[in-house]
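S.K.: How does the following fold in three dimensions:
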Amino acid sequence: MQEAGRILAVTHHRLAQAIRPGMSTKEIDSLGERIIREYGCTPSFLNYNGYPASICVSVNNEVVHGIPDEKHIIRDGDIVSLDAGVIYKGYHSDAARTILVGNVSEEAKRLVEVTKQSFFEGLKYARPGYHIADIGRAIQIYVEKNGFSVVRDLVGHGIGKRLHEKPNIPNFAGRRRGARLRPGMTLAVEPMVNAGEYDVEWLEDDWTVVTYDGSLSAHYENTILITDGEPVILSQAEGIEI
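M.R.: Numbering: from 1, shown residues only. Below is the predicted model:
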């Protein structure tokens with residue numbers, strides 16, 4: 001899983017360097033798949049429950065699961081959320097990044113920064129003895145303190161030999177504490193944060209999730225390992241900023 005995560009981190013890094021105005025979301029997907037296969041890996045998302053691409057490309061008010069196509073062109077000022085997974089020797093990694101393209105608004109920059117930092121606020125509680133809900137509570141508190149909202153209809157998840165495993169990992173405080181964290185657990189923690197209200201809706205393709213009020217949305221995710229001490233981020237690579 002660590003190697004799957006390293007390859008995924010490299011994939012995200014190379015995609016972030018390549019994205020530019022005028023590029024179609026289909027071009028981003030094709031490049032991402034090519035990079036993943038260069039390393040002898042398989043894209044986790046391709047044909048997963050019928051999803052038709054290797055990279056989920058979600059632009060501006062699209063929260064997650066945007067389907068790449070040739071007609072959707074990236075423009076200056078867009079924010080582009082990339083969600084991807086890699087299978088290496090039967091094990092999965094899963095990570096998401098939101099990319100700033102060109103001259104992005106200050107609000108969009110702050111949204112992306114807060115979304116990323118909210119993950120690290122949650123990571124502080126990814127230790128033995130805490131519960132799943134402690135991670136989500138920390139994420140929610142940080143996001144709302146900064147004037148944004150956490151999506152409620154979508155959550156993180158366990159990960160390993162399958163892309164989605166138990167337990168679910170909400171990015172908000174629920175009524176239940178959830179599973180107690182134990183060394184050896186591998187989780188995908190993924191705050192999805194809206195600039196407006198947290199409500200979302202699904203488009204007619206049954207995949208693309210958008211903000212209900214049309215506000216911007218950002219996504220940040222890593223695959224992590226619970227240890228006896230500090231959690232380990234598996235979806236990272238030496239020399240690459242996450």
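S.K.: which stretches of this protein form helices?
M.R.: For the chain, applying DSSP state H gives helices covering 2-18, 25-38, 106-123, 132-145.
S.K.: The second one: which residues count as buried?
M.R.: Across helix 25-38, burial judged by 16 or more other C-beta atoms under 10 Å covers 25-29, 31-33, 35-36. Yep, even glycine has a C-beta here, placed from its N, CA and C like the rest.
S.K.: same check, this time on the last one
M.R.: If you call a residue buried by 16+ other C-beta under 10 Å, then helix 132-145 has these buried ones: 132-143.
S.K.: for the protein, which residue is closest to the average position?
M.R.: Within the chain, one residue has its C-alpha closest to the average C-alpha position: by C-alpha atoms, centre = their mean, that is residue 96, at 2.9 Å.
S.K.: Tell me if I'm right that it and residue 221 touch.
M.R.: Yes - with contact defined as C-beta atoms under 8 Å, residue 96 and residue 221 form a contacting pair (3.8 Å).
S.K.: Distance to residue 125 and pLDDT added to the buried residues of helix 25-38, as CSV?
M.R.: Conversion of the buried residues of helix 25-38 to CSV gives the following (distance: C-beta to C-beta, whole Å; pLDDT from 0 to 100):
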residue, distance to residue 125, pLDDT
25, 35, 98
26, 39, 98
27, 39, 98
28, 33, 98
29, 34, 98
31, 35, 98
32, 31, 98
33, 35, 98
35, 33, 98
36, 31, 98
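S.K.: which among those residues gets closest to residue 197?
M.R.: Proximity to residue 197 was ranked across the buried residues of helix 25-38 by C-beta to C-beta; first place goes to residue 25, at 25.4 Å.
S.K.: Relative to residue 175, how far out is that closest one?
M.R.: In this structure, residue 25 and residue 175 are 38 Å apart, going by C-beta to C-beta, to the nearest Å.
S.K.: pLDDT score for residue 240?
M.R.: We note a pLDDT of 96 for residue 240 in this prediction.
S.K.: Give me the neighbour count for the residue nearest to it when sequence neighbours are not counted.
M.R.: Once flanking residues are discounted, residue 240 sits nearest to residue 13: 4.7 Å by C-beta to C-beta, 6 or more residues apart in numbering. By the measure other C-beta atoms under 10 Å, the count of residues near residue 13 is 17.
S.K.: do the same with residue 85
M.R.: Other residues near residue 85 come to 30 when the count uses other C-beta under 10 Å.
S.K.: can you tell me which residues contact it?
M.R.: 8, 43-45, 92-95, 163 (C-beta atoms under 8 Å, 6 or more residues apart in numbering).
S.K.: hmm, who's touching stretch 22-34?
M.R.: By C-beta under 8 Å, 6+ apart, stretch 22-34 touches 11, 14-15, 18-19, 43, 46, 53-55, 57, 59, 66, 68-74, 80, 82, 84.
S.K.: again, 7 Å this time
M.R.: Under the criterion C-beta atoms under 7 Å, 6 or more residues apart in numbering, residues 11, 15, 18-19, 43, 53-55, 57, 66, 68-70, 72-74, 84 lie in contact with stretch 22-34.
S.K.: Fine by me, thanks again.
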